[in-house]
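A.B. asks: here you go, sequence then predicted model.
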Amino acid sequence: MTPESLRPRVISPPHSPFPVPFPIMITTLTLNHALKEWSVAVDALVEGKTIVLLRKGGIREERGKFSVDFDRAILYPTYEHQQPDLLKPEYTDLVTPVESGWHPERVSIPGWAEITHIWKISERSTVASLLPYHIWNERFVSERFNWKPKQPLYVLLLRAYRFESVCDIAYRDEYGGCRSWLEIDETLDVDTQHPAIGDTEYQEQVDRIQYLIAESV
């Protein structure tokens, strides 16, 4: 029997008879909830280079641990904590380290995403098997497990969509800090016209990742 933590939470949109990742037809949707993530990871999502995020939360998370508060979110790029030495070689040159507390005056939002699957993983070997599917290296995974070792690592699968034009929003002090979720002052119109990858490719990656996680039990 599969442990509860290794059963994916498959999120369905309201009133939909199908779980994501079946294609979802959205004409227009408005969002003001944002998921904060390293800029290099946000770019990889909207460019179709990955569908995977690994999360454990920040020091300012509510209740001190990560949670998935929304199934759809704007992808909000962050810069302060990006570390090239925690990335695979093909991504290290895409990061320029910045001073603590630095932020752009205006934040460029390239897209949004639906979080379609969620796992809470406690075994390092399980996450190790997913190495081909995300942008980080083994050191990143090890450091994530070592930080708050009693808490699981969250594996998220995201169906990302690009905006036709990048949306620039003004930075506000309340957007800072080590936390995963934001409510931004501006409401953005989003749609599914520019998916990062096609339906078939997304489903194939989901199937492979689900298989690897199930095999690790």
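C.D. replies: Now that the structure is in, tell me what you want to look at. Numbering: from 1, shown residues only.

A.B. asks: tell me the centre residue of this protein?
C.D. replies: In the chain, the centroid-proximal residue (Cα atoms, centre = their mean) is Leu53; its distance is 4.2 Å.

A.B. asks: now do the contacts for it.
C.D. replies: Leu53 makes contact with Glu37, Ala41, Leu45, His134, Val155, Leu156, Leu158 under the criterion Cβ atoms under 8 Å, 6 or more residues apart in numbering. Yep, even glycine has a C-beta here, placed from its N, CA and C like the rest.

A.B. asks: and the fourth one, how many residues sit next to it?
C.D. replies: Going back to what we said before, that points to His134. 22 (other Cβ atoms under 10 Å).

A.B. asks: show me where the chain has its helices.
C.D. replies: Using DSSP state H, the helices of the chain run over 39-46, 89-92, 124-128, 138-146, 199-215.

A.B. asks: mind putting these into CSV with distance to Phe66?
C.D. replies: Below are the helices of the chain laid out as CSV (distance: least, Cβ to Cβ, whole Å):
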stretch, distance to Phe66
helix 39-46, 15
helix 89-92, 22
helix 124-128, 15
helix 138-146, 11
helix 199-215, 18
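
A.B. asks: hey, which of the ones you listed is tucked in deepest?
C.D. replies: Among these, the stretch with the highest mean neighbour count (mean count of other Cβ atoms under 10 Å) is helix 39-46, at a mean of 22.

A.B. asks: so for that helix, mean pLDDT?
C.D. replies: Mean pLDDT, helix 39-46: 98.

A.B. asks: where in this protein is the helix or strand with the lowest mean pLDDT?
C.D. replies: For the chain, the helix or strand with the lowest mean confidence is strand 9-10, at a mean of 54 (criterion: mean pLDDT, DSSP states H and E).

A.B. asks: which one, of the helices of the chain, ends up nearest to Ile109?
C.D. replies: Among the helices of the chain, helix 39-46 comes nearest to Ile109, with 8.6 Å by Cβ to Cβ.

A.B. asks: what about this structure, any weak spots by pLDDT?
C.D. replies: Along the chain, the model assigns pLDDT under 70 to residues 1-27, 57-65, 217.

A.B. asks: now do the buried residues in the biggest strand by length in it.
C.D. replies: Ranked by residue count and defined by DSSP state E, the top strand of the chain is strand 153-170. Burial within strand 153-170, assessed by neighbour count using 16 or more other Cβ atoms under 10 Å, is assigned to 153-163, 167, 169.

A.B. asks: can you give me the offset of that strand from its chain's centre?
C.D. replies: On the basis of Cα atoms, centre = their mean, to the nearest Å, strand 153-170 sits 8 Å off its chain's mean C-alpha point.

A.B. asks: Ala196 and Val46: what is the separation?
C.D. replies: For Ala196, the distance to Val46 equals 5 Å [Cβ to Cβ, to the nearest Å].

A.B. asks: could you tell me which residues touch both of these two?
C.D. replies: Joint contacts of Ala196 and Val46 (Cβ under 8 Å, 6+ apart) are Gly111, Ala160, Tyr161, Arg162.

A.B. asks: redo those as TSV? Include distance to Leu130.
C.D. replies: Below are these laid out as TSV (distance: Cβ to Cβ, whole Å):
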residue	distance to Leu130
Gly111	22
Ala160	17
Tyr161	23
Arg162	24
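
A.B. asks: and which of those is nearest Asp185?
C.D. replies: Ranked by distance to Asp185 (Cβ to Cβ), those are led by Gly111 at 19.0 Å.
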